[in-house]
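> next input, structure requested:
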Amino acid sequence: MHHLESPAFDPDNSTVSAAERLDHLIAGMERAIARIGPEQIACFVAEPILASGGVLIPPPGYHQAALDLCRQHDILYISDEVVSAFGRLGHFFASETRFGIVPDLLVTAKGITSGYQPLGAVLLSDRIADALVEAADPAKPVLSNGFTYSGHPVACATAIANIAVMQREKICEHVRDVGPYFLERLRGLRNWSIVAAVRGDHLMACVECHVPGETGPTPRNQALARAVDAYCARSGLLVRPYENLCILSPALIIVKEEIDQIVAILDDALARAERDLWAGAF
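Just a heads-up that it's a prediction; the model follows:
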């Protein structure tokens, strides 16, 4: 397995333009393909937005340019939408509607059942499905590949019911309505000196903490973020702590009043952590 440079682009903190960042990333991908050899590469896997890495958002056009490069070299493009699918970004799937690409394969999980049952799924494009049909033994037209837990009836029934509820209650439309408000309110937290960045897309966001002058997940930055997380927890707000990041993935049915409450708790937690910093706690 080979890894490319993180595609993250933060317009608030970047010293280069989005176009320059995109050119740099795609040039790096081209060099990696040439070094490895396209005939040695089965696929390229990418999240529309890197979730666990800290809600890292690529510059506009990144996924389309990466897909075009994969097509040039006959490399399959796999979109990892375990986090971004089923409403998190305001659509059932983000690859096409938000990023303008149709991947060869798309993997998803979690939101497909809203977490009520463990379930994952792999979606195939027509291009891949047609290739499988063409290569199949006419005497065995059914794809027989599977896993021990494939097609679990309870998990699949849960997914079907979950999707029906999301459609009936217009959950994706609701996320598209409240998502911009969520990010707008969070961006107000950038006034704190210990906030290095606020980034996100609809109901997927991250507040990055830092000791002024320090960059990245240094011990002090991580301690500072843990303090913010702890103060939030005391006030009834659970955020996902990772390194020096506070990652937020609120329920898709959240309303603006609850968003205001989240931001108020975070604001208080940042104030307390900043006081601790200047008092020499970190």
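> could you use CA atoms for every contact and neighbour count after this?
Fine.
> quick one, domains of the chain?
With domains defined by automatic domain parsing, the chain comprises 18-130+139-168, 171-278.
> make a markdown table from those domains and add distance to residue 1, mean pLDDT and mean neighbour count to it.
Shown next, in a markdown table, are the domains of the chain (distance: least, C-alpha to C-alpha, whole Å; pLDDT from 0 to 100; neighbours: other C-alpha atoms under 10 Å):
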| stretch | distance to residue 1 | mean pLDDT | mean neighbour count |
| --- | --- | --- | --- |
| domain 18-130+139-168 | 9 | 94 | 17 |
| domain 171-278 | 24 | 96 | 19 |
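> identify whichever of those domains lies nearest to residue 12.
For the domains of the chain, proximity to residue 12 was assessed by C-alpha to C-alpha; domain 171-278 is nearest, at 7.7 Å.
> coming back round to it: identify whichever of the domains of the chain lies nearest to residue 5.
Nearest to residue 5, of all the domains of the chain, is domain 18-130+139-168, at 7.3 Å by C-alpha to C-alpha.
> residues in contact with residue 221?
With contact set as C-alpha atoms under 8 Å, 6 or more residues apart in numbering, residue 221 has these partners: 209, 210, 211, 214, 215, 243, 244.
> in TSV, list the domains of the chain along with distance to residue 12.
Supplementary listing: those in TSV, determined by distance: least, C-alpha to C-alpha, whole Å:
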stretch	distance to residue 12
domain 18-130+139-168	11
domain 171-278	8
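> for this structure, which helix is longest?
In the chain, ranked by residue count with DSSP state H as the criterion, the top helix is helix 256-278.
> please, where are all the helices along the protein?
Along the chain, counting by DSSP H, helices occupy 18-36, 62-72, 94-99, 126-135, 153-168, 171-187, 219-234, 256-278.
> quick one: which of those is nearest residue 82?
Residue 82 lies closest, by C-alpha to C-alpha, to one member of those: helix 94-99, at 10.7 Å.
> for residue 46, see how far away residue 71 is.
15 Å (C-alpha to C-alpha, to the nearest Å).
> my bad, should have said residue 164
Shown here: residue 164 relative to residue 46, a distance of 28 Å by C-alpha to C-alpha.
> again, but for residue 1
Separation of residue 1 from residue 46 (C-alpha to C-alpha) stands at 13 Å.
> same question for residue 89.
From residue 89 to residue 46 the distance is 16 Å (C-alpha to C-alpha).
> next up, the contacts around residue 197.
Shown in contact with residue 197 (C-alpha under 8 Å, 6+ apart): 12, 13, 190, 207, 208, 209.
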